[in-house]
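task: produce atomic coordinates for the following.
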Amino acid sequence: MDTFYQVKQILQDNDNIVFFGGAGVSTASGIPDFRSATGLYNRQTGNNYSPEYMLSHTFFMKHPEEFYRYLRNNLYYPDAKPNNAHKALVKLEKMGKLKAIVTQNIDGLHQVAGSGNVIEFHGNSTKFYCMECGKEYPSEYAYETLGVPKCNECGGIVRFDVVLYEEPIDQKVYSRAIEAIGKADVLIVGGTSLVVYPAAGLLQYYKKDKLILINQEATMTDNQGDYILIGDISKILWDLVQELCQGGVG
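This next block holds a predicted model:
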């Protein structure tokens, strides 16, 4: 049987599904991924620093103005809208099948689309707070301010609620992600090459035999998958869910 229809049957027969996604989920929304040929990490930064270093805690603390310049030029997509991958996951949740989304993405598009239980492993780039007093700010305040945004209460630096390189993952978030993946009967992993740790290590907590990998191209983790689908995840997920709906589910 064709892999697509095998996966469709699995989704049809199971009501305990978790989705674990990465940057490839949002590329159809106009947000670039990180490691592909056209990704963020293969773009010129305009200086001698690597993109990874510019998104590190050290660089942020040493060069906050350059950090914010890089952020505004490369990580701010105010017009991005959820694509069919996000919408398909919402439909799966409404069917009572999808129990959680664990995402490495920081764009918040899963919530905009309407998903409920979203575990943001690396934080959310649309949420900002003062490092001194904790006051929260909308993303517009930080992205559209010249220079380094400062708190209008105490003058502290305002930063986004995202885990930078060298910073630890929030332990509560880590635990929620492990629990969700560990309890899943079906795990769909999509739009991620699974090369960045500790996120890539979450795969070890899935112990069942219905690991579905969906990516634009083959990855080094394909040998761990039980079912591999290659192609545009926004199309594949949408087509799968549409097939389920036409089959009388949801």
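
what's the strand of greatest length in the chain packed up against?
Longest strand of the chain, by residue count under DSSP state E: strand 123-130. Packing partners of strand 123-130 (3 or more CB pairs under 8 Å, 6 or more residues apart in numbering; DSSP states H and E): strand 136-138, helix 139-143, strand 158-162. Just so you know, the C-beta spots here come from the backbone N, C-alpha and C atoms, and that holds for glycine as well.

switch the cut-off to 6 Å
Secondary-structure packing of strand 123-130 (3 or more CB pairs under 6 Å, 6 or more residues apart in numbering; DSSP states H and E): strand 158-162.

what are the buried residues along the longest strand of the chain?
Within strand 123-130, the residues that count as buried by 16 or more other CB atoms under 10 Å are Gly123, Asn124, Ser125, Thr126, Lys127, Phe128, Tyr129, Cys130.

now that strand against strand 158-162, angle please.
Angle between the axes of strand 123-130 and strand 158-162 is 150 degrees (criterion: axes from the mean of the first three to the mean of the last three CA atoms, to 10 degrees).

quick check: closest non-adjacent residue to the residue nearest to the spatial centre of the chain.
Nearest to the mean C-alpha position of the chain, counting by CA atoms, centre = their mean, stands Asn105 at 2.2 Å. Nearest residue to Asn105 in three dimensions, chain neighbours excluded: Ser26, at 5.6 Å (CB to CB, 6 or more residues apart in numbering).

from Lys208, how far off is that neighbour?
Ser26 sits 27 Å away from Lys208 when distances are taken as CB to CB, to the nearest Å.

residues near Val102, how many?
Neighbourhood size, Val102 [other CB atoms under 10 Å]: 25.

what's it sitting at in phi/psi?
When quoted as degrees, to the nearest 10, the phi and psi of Val102 stand at phi -110, psi 120.

can you start the count at 14 instead of 1 from here on
With 14 as the first residue, the last one maps to Val115.

roughly how far does it sit from Leu200?
In terms of CB to CB, Val115 sits 9 Å off from Leu200.
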